[in-house]
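Asks: Pasting the sequence and the predicted coordinates here, then a few questions.
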Amino acid sequence: MICRAVKAGTRVAGHGWPLVLALGVSGCQPPRPTLTPHVHYEVGAAYQADGVWHYPQQDLSYRATGLAVIDPSTDAPRLTADGEVYDPQAMAGAHPTLQLPAQATVHNLDNGREITIRINDRGPAQRGRLLSLTPQVARMLAMGTAPARVEIIEDELPSRMFAETLPGGPLLNMQAAPVEQVTVNALDGKNGIAQTPASPAAVGANRVPVTALADLPVTARQGWAVPTSLWIEIGRFTQRSYAALAAMRAGGTVSASDDDRGPLWRVRVGPFTRVDEADAALDRALAAGLTGAHIVVE
């Protein structure tokens, strides 16, 4: 314990010794825990937050829209999900499913501000929120206390570098093929030397431990604000009949959509102008068992 000293024999006017002793005890503070950073690649298992299940996965070309909030963490020291020491002054944020760490560009659609951050933690804890940003990032994006409408675009090359170089990356999980002794015969008919090839798993297996990653520049770029509305996206379906059933349950509409998987049918509810309206619609969709429902901005 770390305590502030109270001078012996000190009395406070109008009070007796019990108050003096109480003041002395209240000045004691527990020591801060010692943190040992161990930066590593992390995907993690599925988890539940605020009644919603999240399924982390590696996606090096991630792009999405949604609502961002300011990280509510206190001053208590802690490690992020990828093993970094949490720093409220860092250009960093939390995402519910992306592999960690990842680098991304975040565009504040409300005012046009754009910044680059490292996603190194899991969050936000509240349903219907896409990103949790450090106070520093929030200042650079000129966010207020209300959730900001944002677009996030992953920077593929830095994110790929993290996956390929940090401890715990995908190469560490490769299983080696069975290794057998190979006899090489020389062209002159003489027996060669028996050779044992190197194990494929050795590639990338001995990665150097990392205690910190380089800080990203505390800079913002000014772009254009974009008029947007909020929608509840129920899901995307390969068959229109399934989309129609989901739309009936949600009270939404079906529209054609294309992505890298080909033609799809998209089900949405909205549009909404206010965040509280979108939150209420999301709650209704989740209560109806539409577990993939989430807020998007368009």
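Replies: That came through, no problem. Numbers count the residues shown, from 1 in each chain.
Asks: in the stretch 151-298 of the chain, what spans have low per-residue confidence?
Replies: Where the stretch 151-298 of the chain drops to pLDDT under 70, the residues are 171-206.
Asks: what are the ranges of the strands in it?
Replies: With DSSP state E, counting those that start in this stretch as the criterion, the stretch 151-298 of the chain has strands at 182-185, 191-195, 221-222, 230-237, 253-259, 262-272, 294-297.
Asks: Could you pull out the helices in the stretch 51-200 of the chain for me?
Replies: For the stretch 51-200 of the chain, helices defined by DSSP state H, counting those that start in this stretch occupy the ranges 135-140, 156-165.
Asks: so of these, which one's packed in deepest?
Replies: Mean neighbour count (mean count of other C-beta atoms under 10 Å) peaks for helix 135-140 among the helices of the stretch 51-200 of the chain, with a mean of 20. Yep, even glycine has a C-beta here, placed from its N, CA and C like the rest.
Asks: Quick one: list the elements packing against that one.
Replies: Helix 135-140 is packed against strand 113-121, with contacts defined by 3 or more C-beta pairs under 8 Å, 6 or more residues apart in numbering; DSSP states H and E.
Asks: I119 against L98, yeah?
Replies: Yes. Between I119 and L98 there is a contact at 5.6 Å, judged by C-beta atoms under 8 Å.
Asks: So for the two, which residue has more residues nearby?
Replies: More neighbours surround I119 than the other of I119 and L98, with 29 against 23 (other C-beta atoms under 10 Å).
Asks: still on that earlier bit, in JSON lines: the helices of the stretch 51-200 of the chain, plus distance to R240.
Replies: Shown next, in JSON lines, are the helices of the stretch 51-200 of the chain (distance: least, C-beta to C-beta, whole Å):
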{"stretch": "helix 135-140", "distance to R240": "41"}
{"stretch": "helix 156-165", "distance to R240": "33"}
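Asks: Specify the beta-bridge partners of the nearest residue to T291 once chain neighbours are set aside.
Replies: Once flanking residues are discounted, T291 sits nearest to W53: 6.6 Å by C-beta to C-beta, 6 or more residues apart in numbering. W53 forms beta bridges with Q48, as assigned by DSSP bridges.
Asks: Then the one 4 residues further on?
Replies: The residues paired with Q57 through beta bridges, assigned by DSSP bridges, are L98.
Asks: Now for it: which residues touch it?
Replies: The neighbourhood of Q57, defined by C-beta atoms under 8 Å, 6 or more residues apart in numbering, consists of 43, 97, 99.
Asks: now it: how far from M91?
Replies: 24 Å (C-beta to C-beta, to the nearest Å).
Asks: swap in S61?
Replies: 21 Å.
Asks: same thing with N120?
Replies: N120 is 10 Å from M91, by C-beta to C-beta.
Asks: residues shared between the contacts of these two?
Replies: Joint contacts of N120 and M91 (C-beta under 8 Å, 6+ apart) do not exist.
Asks: Among those two, which residue is more densely surrounded?
Replies: With neighbours defined as other C-beta under 10 Å, N120 and M91 compare such that N120 has more, 27 against 22.
Asks: Let's see the pLDDT reported for the more buried one.
Replies: For N120, the model assigns a pLDDT of 98.
Asks: remind me which residues of the stretch 1-150 of the chain are low pLDDT?
Replies: Applying pLDDT under 70 to the stretch 1-150 of the chain flags residues 1-33, 74-75.
Asks: contacting residues around the nearest residue to L264 once chain neighbours are set aside?
Replies: Leaving aside its sequence neighbours, L264 sits nearest to R236 (C-beta to C-beta, 6+ apart; 4.4 Å). Residues near R236 by C-beta under 8 Å, 6+ apart: 243, 257, 259, 264-267.
Asks: Kindly report the same for L60.
Replies: Per C-beta under 8 Å, 6+ apart, neighbours of L60: 154, 156, 159-160, 163.
Asks: go again using 6 Å as the cut-off
Replies: Shown in contact with L60 (C-beta atoms under 6 Å, 6 or more residues apart in numbering): 156, 159-160.
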